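sequence plus predicted model, see below.
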Amino acid sequence: MKRGFIPPIDCLIAFESAARHGSFTRAAEELFLTQGAVSKQVRLLEGRLGVELFKRIRQRIVLTDAGRIYLHDIRGTLEKMTSATRQVMSFAGSEDVLNVAVLPTFGTRWLARRLPRFHERYPEASFNLSVRLRPFDFSVEPFDGAIHYGEPVWAGAIAEPLFQEEVIPVASRAFRDRHSLCTPEDLIDVMRLHQSTRPDAWQKWFSLAGVETDGAFQGPRFDQFTMISQAAASGLGVALVPKFFIEEELAAGTLVRLFDISLKLSSAYHFVYPENRTLRPVVKSFKAWLQEEAHEQQLDRETLLPQ
């Protein structure tokens, strides 16, 4: 990287703010500078780049084609710099900072509610949890580990199994009563909600229940379990959802379990971490704690029967 090609950060910040507001005056108010100072920084940047970034039209500024392209490219860079700075600042006062990538529903419905127990065991630790939906390169992303669902395959990483996913059929109490859902066969003729990454779940559940149907794949699809559980609770249809994701809804009665038939899917949740990096003590402790919690999850076989 040649330092001579990198413009001063103050100029980049002034340019981004002015472009976002379409005004040097508003940018100055945001940055606690004078309008003249912002205009000067933008002109310095234009001089450094050798291109015009704004057209000055009376009291207005309008991005040029070059300005639009440059704004698109540097905005992401500035956001990454801001995020990186905040993350480094989180290390202040503690060497035991844990950076973990999580799946959104797993993070909110399973992990977050259990974190106080880890904090009791490791009070010096602090957490940075970020959402990632797909495998990434640990040498590029600043994470100590990640929660992964699927097969134990992640390039450059070790995958430690936690537990398999087990889904149960649920619906709102009103939907169940309105459609008189008394047997698994009754689910053939009602709206079935699908999780898009588990497209064959209903087909497998019907097979497990001994029900023959050609329409197992019919019904709307949702990307996240939070969406599908909310849709089911609102009375849209029946859903197959992991029991540990909807414990609150089951306890509150907004969702009810329809039948005592649960489907254990072949894929599992894993804790993955880079294979070429020595694990810090806080990461080792977190991994061990996760495995203990997962073991308890496996032992928890309490069954909620239809009410």
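Okay, I see it.

could you pull out the helices for the chain?
Assigned by DSSP state H, the chain shows helices spanning 9-21, 24-31, 35-49, 65-89, 104-106, 115-121, 173-178, 201-208, 225-233, 247-252, 281-299.

including distance to P274, mean pLDDT and mean neighbour count, could those helices go into CSV?
The way it works is simple: take the backbone N, C-alpha and C, and place the C-beta from them, glycine included. As requested, those are exported to CSV (distance: least, C-beta to C-beta, whole Å; pLDDT from 0 to 100; neighbours: other C-beta atoms under 10 Å):
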stretch, distance to P274, mean pLDDT, mean neighbour count
helix 9-21, 30, 91, 20
helix 24-31, 39, 91, 18
helix 35-49, 38, 92, 17
helix 65-89, 17, 81, 13
helix 104-106, 20, 90, 19
helix 115-121, 21, 92, 13
helix 173-178, 46, 96, 16
helix 201-208, 32, 95, 18
helix 225-233, 28, 94, 21
helix 247-252, 32, 92, 14
helix 281-299, 10, 90, 16
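
including distance to V140, could those go into JSON lines?
Below are the helices of the chain laid out as JSON lines (distance: least, C-beta to C-beta, whole Å):
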{"stretch": "helix 9-21", "distance to V140": "22"}
{"stretch": "helix 24-31", "distance to V140": "31"}
{"stretch": "helix 35-49", "distance to V140": "28"}
{"stretch": "helix 65-89", "distance to V140": "11"}
{"stretch": "helix 104-106", "distance to V140": "21"}
{"stretch": "helix 115-121", "distance to V140": "26"}
{"stretch": "helix 173-178", "distance to V140": "46"}
{"stretch": "helix 201-208", "distance to V140": "33"}
{"stretch": "helix 225-233", "distance to V140": "28"}
{"stretch": "helix 247-252", "distance to V140": "36"}
{"stretch": "helix 281-299", "distance to V140": "18"}
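
for D137, find the nearest of those.
Shortest distance between D137 and the helices of the chain, using C-beta to C-beta, is found for helix 65-89: 15.1 Å.

and the contacts of the closest one?
Residues from elsewhere that reach helix 65-89, judged by C-beta atoms under 8 Å, 6 or more residues apart in numbering: 9, 12-13, 15-16, 19, 49, 51-54, 63, 99, 128, 142.

do that again at 10 Å, thanks
With contact meaning C-beta atoms under 10 Å, 6 or more residues apart in numbering, helix 65-89 is reached by 7, 9, 12-13, 15-20, 42, 45-46, 49-55, 61-64, 97, 99, 128, 130, 142.

off-centre distance for that helix?
Relative to the centre of its chain, helix 65-89 is centred 21 Å away, using C-alpha atoms, centre = their mean, to the nearest Å.

what's the local residue count around V62?
Residues near V62, counting by other C-beta atoms under 10 Å, number 12.

beta partners for it?
For V62, the beta-bridge partners are K55 (DSSP bridges).

pull out the buried residues from stretch 269-280.
In terms of neighbour count (16 or more other C-beta atoms under 10 Å), stretch 269-280 has its buried residues at Y269, H270, F271, V272, Y273, P274.

need the contact list for the fifth one.
It stands for Y273. Residues near Y273 by C-beta under 10 Å, 6+ apart: 100, 138, 143-146, 154, 157-160, 279, 283-284, 286-287.

which two among the residues you listed are spaced furthest apart?
W154 and K284, at 18.6 Å, using C-beta to C-beta across the contacts of Y273.

just want the most central residue of the chain.
Nearest to the geometric centre of the chain sits V131, at 3.1 Å (C-alpha atoms, centre = their mean).

could you measure the closest residue to that residue other than its chain neighbours against P161, distance?
Residue nearest to V131 in three dimensions, not counting chain neighbours: P104, with 5.1 Å by C-beta to C-beta, 6 or more residues apart in numbering. Using C-beta to C-beta, to the nearest Å, P104 is found at 21 Å from P161.

among the contacts of Y273, which one lies nearest to L250?
For the contacts of Y273, the nearest to L250 is V100 (27.1 Å; C-beta to C-beta).

just the strands in the stretch 101-250 of the chain please.
Secondary structure of the stretch 101-250 of the chain (DSSP state E, counting those that start in this stretch): strands located at 126-131, 145-150, 157-171, 192-195, 221-222, 238-242.

how about those in CSV, adding distance to E296 and mean pLDDT?
Compiled in CSV, these are given as follows (distance: least, C-beta to C-beta, whole Å; pLDDT from 0 to 100):
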stretch, distance to E296, mean pLDDT
strand 126-131, 20, 88
strand 145-150, 17, 94
strand 157-171, 10, 94
strand 192-195, 25, 95
strand 221-222, 29, 94
strand 238-242, 15, 95
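
I am finished for the moment; much appreciated.
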